[in-house]
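>>> 3D, please:
(4 chains, ligands or ions: 4)
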Amino acid sequence: MSSGDSSDDYGVRLLNPDGSACEHVDFLALLGVEGLKGCYGAMLRARHLDEAATALQRQGELVLWIPLRGQEAAQIGSVRAASPADFIFPSYREHAVAWDRGLPAVEVLRLLRGITHGGWDPAAHNLANYALVLASQTLHAVGYALGLQLDAQLGPRLDAQAGVPGGQEPAAVLVYLGDGAMSQGDANEAFVWAASFNAPVVFFCQNNQWAISTPAARQSRVPLAARAAGFGFPGVRVDGNDVVAVHSVTSSALARARVGEGPTLIEAYTYRMGPHTTSDDPTRYQPAGEVDHWRALDPIDRVERALAPVCDAAWFGEQRAEAEAAAARLRTETLALPDPPPDAFFDEVLVTETEEARAQRASFREYRESFQV
Amino acid sequence: MSSGDSSDDYGVRLLNPDGSACEHVDFLALLGVEGLKGCYGAMLRARHLDEAATALQRQGELVLWIPLRGQEAAQIGSVRAASPADFIFPSYREHAVAWDRGLPAVEVLRLLRGITHGGWDPAAHNLANYALVLASQTLHAVGYALGLQLDAQLGPRLDAQAGVPGGQEPAAVLVYLGDGAMSQGDANEAFVWAASFNAPVVFFCQNNQWAISTPAARQSRVPLAARAAGFGFPGVRVDGNDVVAVHSVTSSALARARVGEGPTLIEAYTYRMGPHTTSDDPTRYQPAGEVDHWRALDPIDRVERALAPVCDAAWFGEQRAEAEAAAARLRTETLALPDPPPDAFFDEVLVTETEEARAQRASFREYRESFQV
Amino acid sequence: MTTTRMPRPGTLLVPEARSAAEPAPVSVPLARALGAGLRDAMAADPKVVLLGEDVGRLGGVFRVTEGLQEEFGEARVIDSPLSESGIVGAAIGLAMRGYRPVCEIQFDGFVYPAFDQIVTQLSRLHQRSAGHLRMAVTIRIPYGGGIHAVEHHSESPEAYFAHTPGLRLLTPSTSADAYLLLRQAIACDDPVIFFEPKRRYWERGPLTVPEDPPPLMERARVARPGTDITLIAYGPTVRTCLDAASAAAADGRSVEVVDLRSLAPLDWATLTGSVRRTGRAVVVHEAVVTAGLGAEIAARLTEECFYHLEAPVGRVGGYHAPYPPARLEHEYLPDLDRVLDAVDRAFRY
Amino acid sequence: MTTTRMPRPGTLLVPEARSAAEPAPVSVPLARALGAGLRDAMAADPKVVLLGEDVGRLGGVFRVTEGLQEEFGEARVIDSPLSESGIVGAAIGLAMRGYRPVCEIQFDGFVYPAFDQIVTQLSRLHQRSAGHLRMAVTIRIPYGGGIHAVEHHSESPEAYFAHTPGLRLLTPSTSADAYLLLRQAIACDDPVIFFEPKRRYWERGPLTVPEDPPPLMERARVARPGTDITLIAYGPTVRTCLDAASAAAADGRSVEVVDLRSLAPLDWATLTGSVRRTGRAVVVHEAVVTAGLGAEIAARLTEECFYHLEAPVGRVGGYHAPYPPARLEHEYLPDLDRVLDAVDRAFRY
Ligand SMILES: Cc1ncc(C[n+]2csc(CCOP(=O)(O)OP(=O)(O)O)c2C)c(N)n1
Ligand SMILES: Cc1ncc(C[n+]2csc(CCOP(=O)(O)OP(=O)(O)O)c2C)c(N)n1
Ligand SMILES: [Mg+2]
Ligand SMILES: [Mg+2]
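Ligands and ions are numbered 1, 2, ... in the order given. As a prediction, the model looks like this:
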């Protein structure tokens, strides 16, 4: 184990690796059988989409792919704890979060095909665009959470105005970051702000043991969840490969946030089963046997074992077929993505294009057209 | 109390406000009577110098003064725990630290008279120049501490080279920061690094309750000392107005650091008795009665009470006379400080002046001389 | 011009101006005009919130936000933790939630911890989100020297931001513009870095408050018309250049002074118009000359007015050295003499 | 030129070169030349230490530091926490203790979290300490586009640093210079921001290793002599300009290409010498043109060569927009055609 702390401490667990349920003094399983079946489908779908994307990258159809393999439970368990009104800030590996939130799978690939730096409408699914600068999004999340607080405080006055939020159901913010990102100043400033304003924000750290080639032990010699107490709010480590526990712990943190009880840091103890990105070669740095150890803890297999007694082969087959179909669709849709217009990089630099930008764009077009003849 | 936590928790205390000694389960008083007398003299001197500097500023002889009044015990107790080989990084209010370390008092005023941005040789007293960008120095301190570690590891190889350190007595780094600076990304990145490399560094946070007008509660809702545990190293709050306790706690942290037991965060719970700087008007934001509360806890009075049984009036009079004489000398020396040469700002921009800089300096001189005729 | 009618702190300027028929313009210090601008913007739109170090109870170290927390409450005038990256990062999040945050960076030299958030996030989120997000964030930065301050309190970092696409940069030089440009900045859906010439905070000027501040103009202002040479200035150096122009007039030289007001985008129409008439230009700023804004202005004016220029575009600004300690700043800052010297050089061609 | 003798990773180049009498220059990729430079610097001076994200075990994401941790140990090749401000801040502390740290910032777009440490600390501590401290720190930054990367991986932030006094900026365009300039940077007692043209990492060139690398030269290099116009380039655009020069030669135009190598300070003697001969100049860089380094070069060259210039100094570079997604970078990057277009425009005056 590379996290530097007691290797047996996977955190809160409600589903054992063998698929049997277990109890925890603080957390109750909130997912019933139907909920678990839903998670299974979503995780399986994420894995197939992820594999399809990796294949597309290998075939030169994407400039890069960032695999999430191994982190399906951490992502699906947490995103399913969020209500539609909650606002989510992903980092850059949270494809399962994005997809489960309703973002069409191809939208993520549009980015990694090199067509856009983001592209989707954050308001459509209350899902921010990806943030590649590590931890930058944690401060945005706190700011958004301050906005939620302000909505409530200024509500009556704001309601009087057109088109402003207010009077809506209580909401919270869920923000994802990695074990590596925990070392950035921004993440820690976000902790300061969240505590100081008791902001309705849940920091969800996927400790997948690695930041590219850097083991989590280089970022912290104690469990990352312990960081929170030093800032004055609760931190909890959860078995990130246990979708039931992740869902339960995240639900409870979001509920706390929504009713004004402030921030929580969740450390989902999981593992990056693939390379950092398709450009990476983890065999250069990962100790032998590590992947095998974690393969035995695969988050999807675990749910499969839990569901085996209640679901028949036909149901499992259906799930697989659906996931495969989604992957095939993703492939087709990706290949059909139109290239952006050549001058698209001039778009939306500012809300209102300046005269200078207009002139620059015009001369760019003119220059380009000079070759068309 | 503005710190947001239990108002009675002044931290480790070995000397009661009434001057009587008290015991602590973890820390023993290391200062004997002679040690305490030395501290008294240093604190008294610091207060007189500080007052003289404030007066000089009011008379227009300094561009600014940053009073340390109230923080004499925190500064003298900690700096006296450091060995000459230890390296010290002040922030910008640690005049008592600098003076006690041997820096001529006027050197600090040279900066605040607007003659230099720093000026003194850090190697002369193992004392870095002031750092005005909050928390920037915490990372330098960690880097320096990594250098101390490297010296030990590379020692044999380095000793073979000329003029390099190595083989010297074990040393540590002592770095000062404020309660406000604790919120900066840099401070928290420094904590990450210090823990990750188990660096020989002691972070000494003077929680003087205020960051200009911002109460410490805005930076943290738990004692700042608690921050350390989240990063995996010990934190301890000490009564910053108790010079004996500060000295004991800092000595023990530095000793730990020197023998490879890693970093410590010390929160010295104290109070800024004056304005933030001579530009500030604390009456705009400080709650009524706060200063009175803390005046009763004055760090110098406390030692005076402790020494009263063992020192006579003549000794106290001598101390006061010496402090007054030092203040008078400071005044004279400050007024005698020569202005820098007009082109001094070109000096030491780079180690070797570039051709361009040389040309710019020459034309600057020529331009200036054109007025001299 | 020198009317003594001063708005009391906390006075809503808009109705006051509205109520009087043809009111005589009040004369107020630039800092007070900024405060009035903030106040009126907050009164007009509940989505405007302020955040920064010491902006609340204290009213900011320059007292620009004085009285605002009392009037609008702690929810809308937020004393932040000491974390500049946090101030800008939180403002981005607030903007995503539909607010119009106005950040105060206490001094120019302390904007760098927020540089990443400004350059990689604030300036790009509108485009990154394909236009869905609007970063209606204003970042106020008191900038420039001349106030006898310690290190980091006298800098002019505008070139860093001018080189960064996705930002607008504004800087007023008069009380009237301070109010107007600040209202425009806050009303603007783009991120605006708003540079406040701190050594001019206490200079007074007339302030008439328009009924509705006009939308962002990006237009430079001819602060003094002239025919022989164009001085291009902004923020604190406008006054310096106006003084230089007066001095030059005594020598029979007619000097035009252009106050840029918007540093990004630059108003090329006004600049080229002026320089094609005068044939000579000098850019004056406090920032280091090397790769400063003056370089862009000189390069571009030369491109656009190549056959009109009688002399290369001159540049007067900071030497290639960190901003010096207080005792030397008069040697470092562009002053009337250095401007006149540059004017002379332009005429020697 | 295309010799196949390649140093094996971990081969000490200095003795090898020394041992052979008149050795034929080996041809190595630029990235490998950098690795050799680091290696030889570490072998020559035990005070040289490396720190950065993934520089150890992995050898860096571009494998520039490959093999160095194995050879010099974890104490001297430090895999850092993910904290750029920490990397530079710790390097400053190490330099204070007498070390010569070489930092790697993983990609151009991730230098901004370290901006404060670079601009307010690294660049100023020598002067702040009245010359007592020497900041012998090298910051390696792979920069520029053209590698089909995602956001923040293709930027050219050099202008921000060129505007900052107290820093030296170097950027090689060939394997030989990569080795030489890096050795010089590490040996230099000033802080050096060392920009590595990442899209040229795999281009090969001859590498002879000098017995003792000469001290820092700050000298530009005439990469191709010519008489009609001067192309001024650096890092990744040198190759582009050399190609443009070859193409222009076919049209009978003799194009001189100057490779700046040092971006701060700039080698004005070489530049003005060239432009006074040719009478025309175009600066080519990938960075945004607005307030970019080209502006400084154009402004200054115009000042110094006013009567020699037949046309304004042209500028070819990034448009005023964030560096685009991979599918559009060929539209955004200055290429041979855009350079030739600028050359044509210069001749139309
Ligand atoms: C500020 C910054 N520095 C460096 C990088 C380059 N980088 C991209 S991902 C990564 C590792 C991040 O690790 P972690 O936070 O654990 O997230 P994970 O990739 O494991 O999901 C690095 C160093 C970056 N994106 N941003
Ligand atoms: C990065 C940065 N931001 C803002 C400032 C302006 N400033 C100077 S001192 C200060 C308050 C610092 O408070 P604290 O850290 O508690 O130290 P104290 O002044 O109380 O000793 C502020 C905001 C600064 N120096 N650096
Ligand atoms: Mg990780
Ligand atoms: Mg304080």
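>>> could you chop the chain up by domain?
Assuming you mean chain A. Domain ranges of chain A: A:27-340, A:342-373, per automatic domain parsing.
>>> my question was about chain C, not that one.
Split by automatic domain parsing, chain C gives C:27-207, C:221-348.
>>> and the last one, end to end?
Distance across domain C:221-348, first residue to last, is 28 Å (CA to CA, to the nearest Å).
>>> can you check the first one too?
Length of domain C:27-207, first residue to last, CA to CA: 6 Å.
>>> one more: stretch C:308-317?
24 Å.
>>> report whether that stretch contacts chain B.
No - using CB under 8 Å from any CB of the partner chain, no contact is recorded between stretch C:308-317 and chain B, whose separation bottoms out at 11.0 Å. Where C-beta positions appear, they are placed from N, C-alpha and C, glycine not excepted.
>>> now do the buried residues in that stretch.
Judged by neighbour count (16 or more other CB atoms under 10 Å in any protein chain shown), stretch C:308-317 contains these buried residues: C:His308, C:Leu309, C:Ala311, C:Pro312, C:Val313, C:Gly314, C:Arg315, C:Val316, C:Gly317.
>>> would you mind measuring from the third one to C:Asp344?
Read it as C:Ala311. 11 Å (CB to CB, to the nearest Å).
>>> same question, the second one
Look at C:Leu309 and C:Asp344: by CB to CB, they are 17 Å apart.
>>> show me the contacts for the residue lying closest to C:Pro213 once chain neighbours are set aside.
Residue nearest to C:Pro213 in three dimensions, not counting chain neighbours: C:Arg183, with 3.9 Å by CB to CB, 6 or more residues apart in numbering or on different chains. Applying CB atoms under 8 Å, 6 or more residues apart in numbering or on different chains to C:Arg183 gives the contacts C:Gly37, C:Asp40, C:Ala41, C:Pro213.
>>> wait, a helix at C:Arg183?
Yes - judged by DSSP: H, G, I helix; E, B strand; the rest coil, C:Arg183 forms part of a helix.
>>> what's the spacing between it and C:Pro142?
From C:Arg183 to C:Pro142 the distance is 18 Å (CB to CB).
>>> how many neighbours does the residue of the stretch 151-300 of chain A found nearest chain B have?
Of all residues in the stretch 151-300 of chain A, A:Gly185 sits closest to chain B, at 1.9 Å by CB to the nearest CB. Neighbourhood size, A:Gly185 [other CB atoms under 10 Å in any protein chain shown]: 30.
>>> who in the stretch 151-300 of chain A is up against ligand 1?
Contact residues, the stretch 151-300 of chain A versus ligand 1 (CB under 6 Å from any ligand atom): A:Gly178, A:Asp179, A:Gly180, A:Ala181, A:Asn208, A:Trp210, A:Ala211, A:Ile212, A:Arg272, A:His276.
>>> so which of those residues also contact ligand 3?
A:Gly178, A:Asp179, A:Asn208, A:Ala211 (CB under 5 Å from the ion).
>>> does the first one really touch A:Ala211, like I thought?
Yes - if you go by CB atoms under 8 Å, A:Gly178 and A:Ala211 touch, sitting 6.3 Å apart.
>>> phi and psi next, for the residue nearest to the spatial centre of chain A.
Centroid-nearest residue in chain A, with CA atoms, centre = their mean: A:Glu94, separated by 2.9 Å. When read as degrees, to the nearest 10, the backbone of A:Glu94 gives phi -90, psi 50.
>>> can you tell me the closest non-neighbouring residue to it?
Using CB to CB, 6+ apart, the closest residue to A:Glu94 is A:Tyr176 (5.1 Å).
>>> which element is the one you found on?
For A:Tyr176, the host element (DSSP states H and E) is strand A:173-178.
>>> what of A:Gln153?
Per DSSP H and E, A:Gln153 falls inside helix A:136-159.
>>> same question, C:Pro142
Going by DSSP H and E, C:Pro142 is in strand C:138-143.
>>> that strand - what's its average pLDDT?
Across strand C:138-143, the average pLDDT comes to 98.
>>> now stretch C:156-176, how far from the centre of its chain.
6 Å (CA atoms, centre = their mean, to the nearest Å).
>>> can you classify C:Phe195 by secondary structure?
Once three-state DSSP is applied, C:Phe195 turns out strand.
>>> number of residues surrounding residue 143?
I'll assume chain A. When neighbours are counted by other CB under 10 Å, A:Gly143 comes out with 30.
>>> my question was about chain C
Neighbours of C:Tyr143 (other CB under 10 Å): 28.
>>> what residues are bridge-paired with it?
C:Pro197 (DSSP bridges).
>>> right, and it touches C:Pro197 too?
Yes - the criterion here is CB under 8 Å, and C:Tyr143 meets it with C:Pro197 at 6.9 Å.
>>> what touches both of the two?
C:Thr171, C:Gly235.
>>> determine the angle, from 0 to 180 degrees, between the helix holding A:Gln153 and strand A:173-178.
170 degrees (axes from the mean of the first three to the mean of the last three CA atoms, to 10 degrees).
>>> just the buried positions in helix A:136-159, please.
In helix A:136-159, counting by 16+ other CB under 10 Å, buried: A:136-152, A:154, A:158.
>>> now check that helix, is it near chain D?
No - counting by CB under 8 Å from any CB, chain D is not contacted by helix A:136-159; separation bottoms out at 8.8 Å.
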